[in-house]
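1. Please work out how this folds:
(one chain, ligands or ions: 1)
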Amino acid sequence: MKYPKEVRTYCPYCRKHTVHKGKLASKGKARTLAIGTRKHERKLRGHGGKRAGKVPVKKQGVRQKIILECQECKKKQERVIGTRTKKKLEFSA
Ligand SMILES: [Zn+2]
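-> Numbers count the residues shown, from 1 in each chain. Here you go, the predicted structure:
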């Protein structure tokens, strides 16, 4: 999927439409010591009639996130693009 490098869109900080530059958002990592992660691992322990670990689910592509940077105030905002895509996002000129 292609996406323009620069888009003119609303900036909530400037409260008007400004030119934004797009960048693909990095996925980030799960914190292994976070309370939710520990709770989840505790739940999976001993199986409890269910399969331990991740159950493989085949999804029809991924929903991609981009980070838009306002060119006036340099603030960033996240945006999820439309539907699921199978190919990685490309920025066109
Ligand atoms: Zn702005």
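
2. C-alpha only now, for contacts and for neighbours.
-> Fine.

3. remind me, longest strand of the chain?
-> Longest strand of the chain, by residue count under DSSP state E: strand 16-24.

4. Give the pairing partners of that strand; include direction for each.
-> Here strand 16-24 is paired, per DSSP bridges, with strand 6-11 (antiparallel), strand 65-70 (antiparallel).

5. Find the centremost residue of this protein, please.
-> Central residue of the chain (CA atoms, centre = their mean): Lys65, 3.9 Å from the mean position.

6. what sits against it?
-> 24-25, 78-81 (CA atoms under 8 Å, 6 or more residues apart in numbering).

7. switch to 10 Å and redo it
-> Taking CA atoms under 10 Å, 6 or more residues apart in numbering, we find Lys65 in contact with 23-27, 78-82, 89.

8. Save these as TSV, and put in pLDDT, secondary structure and neighbour count too.
-> Formatted as TSV, the contacts of Lys65 follow (pLDDT from 0 to 100; DSSP: H, G, I helix; E, B strand; the rest coil; neighbours: other CA atoms under 10 Å):
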residue	pLDDT	secondary structure	neighbour count
Lys23	88	strand	18
Leu24	87	strand	16
Ala25	83	coil	14
Ser26	79	coil	10
Lys27	76	coil	8
Glu78	91	strand	14
Arg79	89	strand	14
Val80	87	strand	12
Ile81	84	coil	13
Gly82	77	coil	9
Leu89	81	coil	16
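
9. Burial-wise, tell me which of the strands paired with strand 16-24 comes out on top.
-> Comparing the strands paired with strand 16-24 by mean neighbour count (mean count of other CA atoms under 10 Å), strand 65-70 comes out on top with a mean of 20.
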